[in-house]
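# Below are the sequence and a predicted model for it; my questions follow.
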Amino acid sequence: RPPGWSFDCTQNQAPLPPMTMVSRTVLLATACMALVASSYAFVGAPLAGRPVLKLNLRGRAQSFKPSSPPLRLPRHQSVRMEAGTAETFEFKAEVSRVMDIIINSLYSEKDVFLRELVSNAADACDKKRFLAITDSKGSADDLNIKIKGDKEKKVLVIEDSGVGMTKEEMKTNLGSIAQSGTKKFEEMVKAKEQAKDDMQLIGQFGVGFYSGFLVADKITVYSKGLNGDDGKTFKWSSEAGSGYTIAEVDGEEAIAGESGTRIVLQLREDCEEYTDPFKLKTLVTRYSQFINFPINIWSTKTTYEQVDDEEANKDLQEGEEPKKKTIPVDTEDWELQNSQTPLWMRSPSEVSAEEYEEFYKGTFKAFDKPLTLSHFALEGQVEFRALLFVPGMLPFDLGSNMFDEDVGNMRLYVRRVFINDKFTELCPRWLKFVKGVIDSEDLPLNVGREILQKSSVLRVVSRRIINKSLAMFEDLKDKGGDDWNTFQKSFGKYLKVGVVEDKDNREEIAEYITFLSSHHQSNLTSISEYVGRMKEGQECVYYISGEGRAQCEISPALDKVKEKGYEVMFCTEPLDELCMMELKEVEGKPLVDLSKDEVQGIDDQEDQKEQKDQLVKDFNQTLIYLKEVIGQQIEKAEVTVSLTDSPANLAQGKFSMSPQMQKYMKARAVAMGADAMGGAGMPSVLQINPEHPIVAKLNKQLQDGTKDDTTERTAQLLYHVAALRGGYEINDPKQFASLVTELMAD
């Protein structure tokens, strides 16, 4: 309590609950709260029995006694006092610090300043064109943008013949940070309910102009507004500090024509490169080549002329023709930079195949002809236009790294202004090979237009790109022929990555992946084509892995389906096997690995189980002997009735990896500086064929007790030959060589 302040609440001489805090400025309100709180128990009591609040304020006693009727409240309902009136304050900011953040934090590359300033100039031209059509203000003729660099003065000038700005508009648009003149113009058009289908304005945030300070110490803007000031030109000037100046100018500094804007950048010492016409052309081509209005850059052109060679003609005889020499002649003139039209903005029916091909080669610096393309637009809650291409060959920059992050395949534009081609969120990485252009007004960019923020809009765009890409693949598959084979050879791996990584589209992508097969010596086949060729009574799709077709074809595991005539798909790369593991089944048909110890549809037949039980008893001694001789290299030895021509086969358990996958995982571990398997693979199951002469002879020797020096060698060779044919690594090549040498010596 403040000194000298006190209050006393009594009810019939009995003390009431004390208050713990009294506000210096709202003492009376606090006292009233104490009164209500202490009166809660007396709700409905006569006034005489209500508490009396006595306050002593700086020695002056004051008494407050309720004179109104008793307060009626429902039982157990609390009393809430109304809060004091809230005061509203405006944020304050240190302008120089805010400018520093805008200039140095929003943009990661200096080059984007030209994109932002050219976009502003294009908006100014678009506004003037719109006003000329709708309000008959000004002329829509000769709208253009000009860029000129002066290396000696270290100055860059960007001038447009657009709508311009009045003095008040300069103060509003340039003097107010994050005040978007374009946004304001769009709101004005919307308020007037005027159609703006043909108006394609770019600006959004009101900070793009300040990107000029990325390369300039000082910016001067000359502008003549179409909407007032009686044709006067005003000069706005700032050095990125806390203020700016505005002054009226005339003479040579004044803007020619009815309106327009000229921006003069006094470049920093380390930014002189932006006066180089070649550098400016590169940036305009990269970011602004599809702007609707002509962009001209002041350039030096070199031509060659034939003139008389005075030195050579000194001794020229009468009647002889004068000798000529070629000299270079440099001339300066405006050079148009954005002659290419944005094809995606046109209707597909209006674009020829030659135009598509020319656009593809020019935009993506390609030399091949695209295999197919998709030109489409999406309208509704999300609007965007897109043009996608499937290249005719694997792009050179993806040759060494199929997922190189520095290679951009999707070029994102916002109202025809290039933003970036490194947005991985637009499409999954398994579509890295698809080239495309996307133009949208709805994609959520950060203020610097460099980060694509995650949102439902992005998901819609990504989903549509995936669907259209799959539709292109379907067209290629239907056509077949060389284009389909080229597509599979160049981009088949990407689709298999999609099967592994994209669970949402796994089944759709699986329709376009292909494998080698026992059905044809060289042609690739899809899983659906395999299913269409399945034998009557066949329940599963069978595959086997190996380092190549030849390795797969000599595997003893093929014996399991040879007699039945079942087709087998060959997984010659680890990615093939990963696809099979992720898919599990296609069209209701399980995908089964023949390298397993119990193969579905083969080893699980009832008649085979009965036969196998009897053979296990007959060959039990042989199975025990094989495990003793071979040791930890195998998990166990067992009899199988599925083998026909091979004496033995190495198989893996249900949850073990195939020999091909073991090699792949081991190589990855070594590449990462470790040896995950300690140099050895997983223990295998040695399956023996009881009908084979070698196995029968070994079993007889063991049963008769006539084993000799060749018995152990036979057991070892059974294992090594099965491992070699099955694609396993020979852990002890020296031992294997000795066994073969001894066999040859005998």
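That came through, no problem. Residues are numbered from 1 along each chain as shown.
# Only C-alpha atoms from now on, for both contacts and neighbour counts.
Will do.
# Next, give phi and psi for Ser299.
With angles defined as degrees, to the nearest 10, Ser299 sits at phi -130, psi 160.
# pLDDT value on it, please?
Ser299 is assigned a predicted lDDT (pLDDT) of 92.
# for Ile730, same thing?
Value listed for Ile730 in the pLDDT field: 85.
# Quick check: it touching Tyr719?
No: counting by C-alpha atoms under 8 Å, Ile730 does not reach Tyr719; the two are 10.0 Å apart.
# So between the two, which is more surrounded?
More crowded of Ile730 and Tyr719, by other C-alpha atoms under 10 Å: Tyr719, with 22 against 16.
# Contacts only, for the more buried one.
For Tyr719, the contact set (C-alpha atoms under 8 Å, 6 or more residues apart in numbering) comprises 630, 648-650, 686.
# before we move on, which element is it in?
Per DSSP states H and E, Tyr719 falls inside helix 709-726.
# Flag every buried residue along that helix.
Using 16 or more other C-alpha atoms under 10 Å as the test for burial, helix 709-726 gives 711-726.
# how about the helices of the stretch 501-650 of the chain, start to end?
Along the stretch 501-650 of the chain, counting by DSSP state H, counting those that start in this stretch, helices occupy 506-510, 527-532, 549-553, 559-562, 574-583, 606-618, 620-630.
# ok, now the stretch 201-350 of the chain?
277-287.
# Quick one: the strands in it, in order.
216-224, 233-238, 245-249, 260-267, 295-308, 324-336 (DSSP state E, counting those that start in this stretch).
# Pipe the ones you listed into TSV and attach mean neighbour count per row.
As requested, the strands of the stretch 201-350 of the chain are arranged in TSV below (neighbours: other C-alpha atoms under 10 Å):
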stretch	mean neighbour count
strand 216-224	23
strand 233-238	22
strand 245-249	14
strand 260-267	24
strand 295-308	15
strand 324-336	13
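# could those be laid out in a markdown table, adding distance to Tyr413?
Formatted as a markdown table, the strands of the stretch 201-350 of the chain follow (distance: least, C-alpha to C-alpha, whole Å):
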| stretch | distance to Tyr413 |
| --- | --- |
| strand 216-224 | 26 |
| strand 233-238 | 31 |
| strand 245-249 | 35 |
| strand 260-267 | 24 |
| strand 295-308 | 18 |
| strand 324-336 | 21 |
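# So which of the ones you listed is nearest Leu578?
strand 295-308 (51.7 Å; C-alpha to C-alpha).
# correct me, but Leu615 touches Leu623?
No: the pair Leu615 / Leu623 is not scored as a contact, 10.8 Å apart, by C-alpha under 8 Å.
# Quick check on the two: which one has the bigger neighbour count.
Leu623 (20 against 16).
# Would you confirm that that one contacts Glu635?
No: applying C-alpha under 8 Å, one finds Leu623 not in contact with Glu635, separated by 11.6 Å.
# buried residues in stretch 560-577?
Neighbour-count burial for stretch 560-577 [16+ other C-alpha under 10 Å]: 560-561, 566-577.
# so where is this structure shaky, pLDDT-wise?
The chain contains residues with pLDDT under 70 at 1-84, 90-99, 102-106, 178-207, 229, 240-242, 442-455, 674-681.
# Pick out the residue nearest the middle of it.
Thr424 (1.3 Å; C-alpha atoms, centre = their mean).
# circling back: among the strands of the stretch 201-350 of the chain, which is nearest Val499?
Evaluated with C-alpha to C-alpha, those place strand 295-308 nearest to Val499, the distance being 45.5 Å.
# neighbouring contacts of the closest one?
144-149, 277, 280-281, 322-338.
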